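S.K.: Provided below for reference: sequence and predicted model.
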Amino acid sequence: MNSSIGFRRAEAADAAAIGDVVRAAYAKWVPVIGREPMPMRADYDKAVAEHPFDLAIEDGRIVGMIETMLADDHLWIENVCVAPDAQGRGIGRLLLEQAEHKAIKAGRRELRLLTNGAFETNVSLYRRQGYAVDREEPFMNGMTVYMSKRLAG
């Protein structure tokens with residue numbers, strides 16, 4: 001892992017750069033599922049105004065991000081992604097760890113997320129980080145995989 005990665009909270013001015021990272025990170029899935037994944041269609045000006053985003057920064061550039069929302073009994077991970085040229089270096093794992101710290105700090109002992117079943121590398125990453133599959137539901141000619149992780153209390 002590269003120790004040159006720093007973290008900070010996103011600000012409104014980061015929305016366009018966040019959108020660029022998301023589009024780049026998810027572009028590889030377009031041919032797999034035959035459409036743009038939902039995060040590629042999101043309005044990041046609106047999302048950054050409404051939800052906390054934690055950014056992974058390297059050399060002044062956003063190389064990854066995680067968008068979370070606090071629910072009554074868990075922390076929801078809306079989106080986590082890493083720029084293609086920064087993938088494979090543990091940044092996604094660090095972002096997921098940031099979410100765990102945030103959940104614990106907020107008194108939540110569970111994290112939840114969903115992903116497309118076709119995104120096999122993502123499903124394996126979450127499994128390696130301790131997430132379990134709760135259920136799978138058909139969605140737009142594919143399968144949505146709902147996963148969660150319980151934290152020690």
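M.R.: Yep, it's here. Numbers count the residues shown, from 1 in each chain.

S.K.: Okay, and the beta partners of the residue positioned nearest the centre of the chain?
M.R.: Nearest to the mean C-alpha position of the chain, by C-alpha atoms, centre = their mean, lies V80 at 1.2 Å. When bridges are called by DSSP bridges, V80 pairs up with I66.

S.K.: what's the spacing between it and M38?
M.R.: Using C-beta to C-beta, to the nearest Å, V80 is found at 14 Å from M38. For the C-beta atoms, the positions are set from N, CA and C on the backbone; glycine is no exception.

S.K.: what do you get for D14?
M.R.: 20 Å.

S.K.: Report the spatially closest residue to L95, excluding sequence-adjacent ones.
M.R.: Sequence neighbours aside, I66 is the residue nearest to L95 in space, at 4.1 Å (criterion: C-beta to C-beta, 6 or more residues apart in numbering).

S.K.: The one you found contacts L96, correct?
M.R.: Yes: counting by C-beta atoms under 8 Å, I66 does reach L96; the two are 7.2 Å apart.

S.K.: With neighbour numbers in mind, choose between these two.
M.R.: I66 (26 against 21; other C-beta atoms under 10 Å).

S.K.: Show the contacting residues for the residue nearest to L95.
M.R.: Residues in contact with I66, defined by C-beta atoms under 8 Å, 6 or more residues apart in numbering, are 53-54, 77, 79-80, 95-96, 98-99.

S.K.: Which members of those residues occur in helices, if any?
M.R.: Mapping those onto helices (DSSP state H) picks out 95-96, 98-99.

S.K.: Buried among those? Make that a PyMOL selection.
M.R.: Per 16 or more other C-beta atoms under 10 Å, the buried members of the ones in helices among the contacts of I66 correspond to this PyMOL selection:
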select buried, resi 95+96+98+99
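
S.K.: can you redo the ones in helices among the contacts of I66 as CSV with pLDDT?
M.R.: Formatted as CSV, the ones in helices among the contacts of I66 follow (pLDDT from 0 to 100):
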residue, pLDDT
L95, 97
L96, 96
Q98, 94
A99, 97
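
S.K.: How about L114: what's its closest non-neighbour residue?
M.R.: Y146 (5.0 Å).

S.K.: just checking, what packs against the strand or helix carrying that neighbour?
M.R.: Per DSSP states H and E: Y146 is located in strand 142-150. Contact here means 3 or more C-beta pairs under 8 Å, 6 or more residues apart in numbering; DSSP states H and E; on that basis strand 142-150 packs against strand 110-116, helix 120-128, strand 132-139.
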